[in-house]
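Participant: Quick one, structure for this:
(one chain, ligands or ions: 1)
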Amino acid sequence: MAPSPEPTTAGGRAATAAEPVLRASGLHKTYHGGMLSRGGAVRAVAGVDLELYAGETLGIVGESGCGKSTLARMLVGLERPDQGEVTFRGRPFFTRGGVPRDIRRRVQMVFQDPLTSLNPRMTVHDIVAEPLRVHRLSPNARAMRDRVGELLTLVGLPPDRMNRFPHEFSGGQRQRVGIARALATEPDVIVCDEPVSALDMSVQAQVVNLFAELQSTLGVALVFIAHDLAVVRHVSHRVGVMYLGKLAEMGPAAEVYGAPAHPYTMALMSAAPVPKPQLRGRSRIMLAGDPPSPVAPPPGCRFHTRCWKATERCAEVEPALEAVGDHFAACHYAERAS
Ligand code: SF4
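Facilitator: Model (predicted):
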């Protein structure tokens, strides 16, 4: 089921929403001394701003290593940014005492690999009931059991299997258990980090459709992070494209997919299967080389070492994310749809 995008403003967000439910401002995150850093500092996220509005799905796409997962972890408060902040309905995530309990309850996460994110020694009942217990949302064991049954039904699992263990379920069913656990606290926001990439292709579509259905019935706002462009297009109202720790382009999904303005987005789109007949025949753009290391990102525009449009200015001056028609692109020579 495809989303029904809200009418949008020039900024590409839902015009009917007032204040964002989640806002990230100037997020930076650098890791020191990791396996990939070779003694340097890995700049995983290097200045990301975004807003998420009630009832919308914001897709984030980019190649592996572009900082998507680090961004996801900061958006749910699992990682503290080095600079910048995340706010939930205007309140900062991080206080002296850590993330406030009510914000933790309202912002949940679905992880990439259900096999490692579910405790193999716990029954499905106990896994889904854990957040109910932590946040004291069920008055007694009977009510908790009923609620777990409701949540399993909501995600398409038979409630009579709640006493089984994760290994007794298929990959797709385990991810449904992870989604039921995320829904248990009635969150306003769910951040999904590559939620279908560990699943077989045939199962991916079912789980993606489940997200779309849950959003339209529950109105929860989703951040949907993936490297698969088709999957993100299917569920997202707006899309952000990440490259080497920064957003290269951001806007309504139809705009970003139909008329990309940033050369990196164009290259990504040209390499993806195109469902729209009018876009078929677009020639494929082959990018030179691999993305540079986040330990030593290039100066100026981070994409200039692979960009066929690059000039001297690109190597010296970093482009800001600026309005291009109905969306935003960080490119000195962004293409405007005619
Ligand atoms: Fe390419 Fe220059 Fe635009 Fe960067 S700023 S994407 S190098 S044209």
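
Participant: Do you have the helices of this structure handy? List them.
Facilitator: Counting by DSSP state H, the chain has helices at residues 68-75, 101-106, 114-117, 124-134, 141-154, 171-183, 201-218, 229-235, 253-258, 263-271, 312-316.

Participant: Only alpha carbons, please: show the fourth one as PDB.
Facilitator: Right, helix 124-134. Output of helix 124-134 as PDB, limited to C-alpha atoms (Å, rounded to 0.1, in the frame of the first residue of the first chain):
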ATOM      1  CA  VAL A 124       7.500 -13.600  22.500                       C
ATOM      2  CA  HIS A 125       5.100 -12.700  25.400                       C
ATOM      3  CA  ASP A 126       7.900 -11.600  27.600                       C
ATOM      4  CA  ILE A 127       9.600  -9.700  24.700                       C
ATOM      5  CA  VAL A 128       6.500  -7.700  23.800                       C
ATOM      6  CA  ALA A 129       5.500  -7.300  27.500                       C
ATOM      7  CA  GLU A 130       8.900  -5.900  28.600                       C
ATOM      8  CA  PRO A 131       8.200  -2.200  27.500                       C
ATOM      9  CA  LEU A 132       4.700  -2.500  29.200                       C
ATOM     10  CA  ARG A 133       6.500  -3.500  32.400                       C
ATOM     11  CA  VAL A 134       9.200  -0.900  32.200                       C
END
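
Participant: That one: which residues count as buried?
Facilitator: 124, 125, 126, 127, 128, 129, 131, 132 (16 or more other Cβ atoms under 10 Å). To be clear about C-beta, it is placed using only N, CA and C from the backbone, and glycine gets the same treatment.

Participant: just the fifth one next, same as before
Facilitator: By neighbour count on 16+ other Cβ under 10 Å, the buried set for helix 141-154 is 144, 145, 147, 148, 149, 151, 152, 154.

Participant: Would you mark the buried spots in the helix or strand of the chain with the lowest mean pLDDT?
Facilitator: Scoring the helices and strands of the chain by mean pLDDT, DSSP states H and E places helix 114-117 at the bottom, with a mean of 83. Within helix 114-117, the residues scored as buried using 16+ other Cβ under 10 Å are 114, 115, 117.

Participant: Test my guess that residue 266 contacts residue 259.
Facilitator: No. Applying Cβ atoms under 8 Å as the test, residue 266 and residue 259 come out as separate, 9.7 Å apart.

Participant: what do those two both touch?
Facilitator: Shared contacts of residue 266 and residue 259, defined by Cβ atoms under 8 Å, 6 or more residues apart in numbering, comprise residue 335.
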